[in-house]
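*Asks:* Give me a 3D structure for the following:
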Amino acid sequence: MSDVVIVGGGAAGMMAAVGAAECGCSVRLYEKNEKLGKKIYITGKGRCNLTNACDTEEFFSHIVTNGKFLYSAVYGFTNSDMTEFMEKNGCRVKTERGLRVFPVSDRASDVTEAVKRRLTALGVRVFLNEPVKRLLIEDGRCRGIVLGERTGRNGASEKEGGRTVRADAVIVATGGLSYPATGSTGDGYAFARSAGHEVTPLSPALVPFTCAEEDVRELQGLSLRNVEVTVRDGKKTLYREFGEMLFTHFGVSGPVVLSASSYAAKIIKNRPLMMDIDLKPALSEEKLDARILRDFAEAKNRQFKNALGNLFPAKLIPVMVARSGIDAEKKVSGITAAERKRLVSLTKAFRVTLTGLRGFNEAIVTQGGVNVKEIDPSTMQSKKTPGLFFAGEVLDVDGVTGGFNLQIAWSTGMLAGRSAGTARINREKEK
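*Replies:* Presented below is the predicted three-dimensional model:
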C-alpha cells in the first residue's frame with residue numbers, strides 16, 4: 001500500500017509530494033497531463049512570478065477570499081521558505097517591482113525543474129498521462145483512488161479504468177477551472193462532492209472586464225501607467241489601487257484591473273459596476289487645473305484638440321475631447337473656466353461601465369471551490385472524510401496578482417503533504 005497518493009501535478013500537488021516524502025512516506029503523484037507543472041509554464045507571461053517578498057503578515061492583506069483560513073499554511077511554509085527552497089534546489093531568484101519574485105533566468109521552466117529535482121531526490125514516484133477517475137471511499141474514509149483511461153506512448157487511449165491504488169491518505173490538488181487547456185477542468189470539485197463536500201459558486205478571477213462604452217474599444221492597445229482605478233457598486237467602493245492597466249477590444253485589462261476582478265466577481269454577475277480611472281492621481285484637482293492653465297497659456301492660439309499632447313497619450317486625446325464636450329476646433333484662449341473644470345473632472349474620473357468578466361480560458365485563477373469550513377485549516381484534511389486532503393486552487397481561496405496565488409498553492413500543498421505524512425507516523429506509533 002502507498003502511504004500517500006497525490007492527484008494533480010501542479011504547484012500544490014508537487015509541493016504536497018515534497019512535504020509527504022520529507023516525512024518518510026512512500027509517495028505516488030498522478031498527473032493527467034504529459035508533464036508536471038503545466039500551468040506554471042505560462043504564469044507571469046512565461047517567467048513565473050513564483051511568490052511575493054512582502055512581510056508574511058502583510059501577505060494576508062492581498063488575499064481576497066478566506067485569508068484567515070490560510071494562517072497555518074502560510075506561516076508553516078512562508079514566502080521566504082519558498083525562495084530558500086528554490087535557491088537550494090538550483091533555481092536562483094530575484095525580486096522585482098511590487099516585491100514580485102521571479103527566477104533569475106526569467107524561465108518558468110526553471111521553477112518546475114527545481115521542484116522536480118527535489119521530488120527525484122526524495123524518491124517520489126511520478127505517473128504522467130494518468131487521469132484519476134474517482135476517489136476510493138470505504139467505511140467513511142478515503143482509502144485511495146481509482147484510475148481512469150490512460151494515454152499510451154503513441155497517444156492512443158488505453159482503457160484500463162478501474163485500476164485501484166490504495167493509500168493511507170489522498171491529497172487532491174487538481175486546480176480549478178482557469179486555463180482549461182492546461183488540464184484545469186474541475187475534476188477536483190467532482191471528487192470533493194463525492195466525499196460529501198460543498199463546492200461554493202465558481203467564477204473566473206484575475207480576469208479582464210468587458211465594458212459598455214464604444215469609445216473604450218477605440219482605445220484598444222493603449223496601456224496606462226501610474227493611474228488609480230476605483231471600482232464601485234453604487235456608492236460602495238469595492239476596490240481602489242494604483243498601477244498599470246490596458247484597454248482592449250472588449251474592455252479593460254492589466255494588473256490593477258485583473259486584481260479588481262477578484263473583488264467584483266460575485267457582484268458583477270447580478271449588475272454592472274462603475275470603474276473610475278484617475279489619469280493623474282499625483283495631482284489634486286486644484287494642481288491639475290493649474291497645470292492645464294500653464295499648458296493652455298503656452299498654446300493659446302492652438303485648437304483644443306491640438307493642445308493636450310503634454311497631458312495625455314495621443315490615442316486618448318480624441319476620446320477625452322469628445323467626452324469633455326468642448327469643441328475640438330475651439331481656440332484654447334476661448335475655453336471657459338467651466339469647460340476647463342469639466343476637463344479636470346474627466347481627467348480625475350474617466351468612467352467606464354463594467355458589464356461582465358471574460359471567461360475561464362482567460363482567467364488566472366478560479367474564485368470559489370471546496371468550502372473551507374469543511375476543511376481543517378491546521379492540516380488541510382477533510383472534516384467529512386478522514387484520509388482526504390485538499391490543497392491549492394481547488395479550495396475556495398484566492399488572492400490578487402503578484403505571486404500570492406502561487407504561494408497559496410505552495411503553502412497549502414506543503415501543509416497537506418506534511419499533515420498526511422504525520423498522520424501515517426502517528427498511526428504507526430499508536431500500533
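
*Asks:* I figured residue 407 hits residue 83, correct?
*Replies:* No. Using C-beta atoms under 8 Å, residue 407 is not in contact with residue 83; the gap is 10.2 Å. Quick note: C-beta positions are derived from backbone N, CA and C, even for glycine.

*Asks:* Pick out whichever of these two has more residues nearby.
*Replies:* Shown here are residue 407 and residue 83; by other C-beta atoms under 10 Å, residue 407 has more neighbours (30 against 19).

*Asks:* Not counting its neighbours along the chain, what's nearest the more buried one?
*Replies:* Leaving out its chain neighbours, the residue that sits closest to residue 407 by C-beta to C-beta, 6 or more residues apart in numbering is residue 51, at 4.4 Å.

*Asks:* residues bridging contact with residue 407 and residue 83, i.e. touching both?
*Replies:* Residues touching both residue 407 and residue 83 comprise residue 51, with contact defined as C-beta atoms under 8 Å, 6 or more residues apart in numbering.

*Asks:* who does residue 166 bridge with?
*Replies:* Residue 166 has these beta-bridge partners by DSSP bridges: residue 144.

*Asks:* give me the number of residues near it?
*Replies:* Applying other C-beta under 10 Å, we find 13 residues neighbouring residue 166.

*Asks:* ditto for residue 397
*Replies:* Residues near residue 397, counting by other C-beta under 10 Å: 26.

*Asks:* what's the answer for the one 4 residues further on, then?
*Replies:* Residue crowding around residue 401 was assessed by other C-beta under 10 Å; the count is 24.

*Asks:* And the helices in the stretch 201-350 of the chain?
*Replies:* Here the stretch 201-350 of the chain has its helices, by DSSP state H, counting those that start in this stretch, at 214-218, 255-268, 285-298, 317-324, 337-348.

*Asks:* mind putting those in JSON lines, distance to residue 419, mean pLDDT and mean neighbour count included?
*Replies:* Formatted as JSON lines, the helices of the stretch 201-350 of the chain follow (distance: least, C-beta to C-beta, whole Å; pLDDT from 0 to 100; neighbours: other C-beta atoms under 10 Å):
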{"stretch": "helix 214-218", "distance to residue 419": "48", "mean pLDDT": "95", "mean neighbour count": "14"}
{"stretch": "helix 255-268", "distance to residue 419": "28", "mean pLDDT": "95", "mean neighbour count": "23"}
{"stretch": "helix 285-298", "distance to residue 419": "55", "mean pLDDT": "96", "mean neighbour count": "14"}
{"stretch": "helix 317-324", "distance to residue 419": "54", "mean pLDDT": "98", "mean neighbour count": "18"}
{"stretch": "helix 337-348", "distance to residue 419": "51", "mean pLDDT": "97", "mean neighbour count": "16"}
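
*Asks:* quick one, which of those is nearest to residue 72?
*Replies:* Among the helices of the stretch 201-350 of the chain, helix 255-268 comes nearest to residue 72, with 22.5 Å by C-beta to C-beta.

*Asks:* residues making contact with that closest one?
*Replies:* 64-65, 201, 203-209, 227, 229, 231, 233, 238-239, 241-246, 273, 275, 354-357, 364-365, 367, 398-401.

*Asks:* now these: which count as buried?
*Replies:* Neighbour counting over those (16 or more other C-beta atoms under 10 Å) leaves 64-65, 203-209, 227, 229, 231, 233, 238-239, 241, 243, 245-246, 273, 275, 354-357, 364-365, 367, 398-401 as the buried ones.

*Asks:* Point out where the protein drops to low pLDDT.
*Replies:* Counting by pLDDT under 70, the chain shows low-confidence ranges at 1-2, 150-162, 424-431.

*Asks:* Let's see that with 50 instead.
*Replies:* Along the chain, segments meeting pLDDT under 50 span 153-160.

*Asks:* Pull up the gap between residue 55 and residue 242, please.
*Replies:* 20 Å (C-beta to C-beta, to the nearest Å).

*Asks:* next helix or strand past the strand or helix carrying residue 356?
*Replies:* Element membership for residue 356, per DSSP states H and E: strand 350-357. Next in sequence after strand 350-357, counting helices and strands by DSSP H and E, comes strand 365-367.
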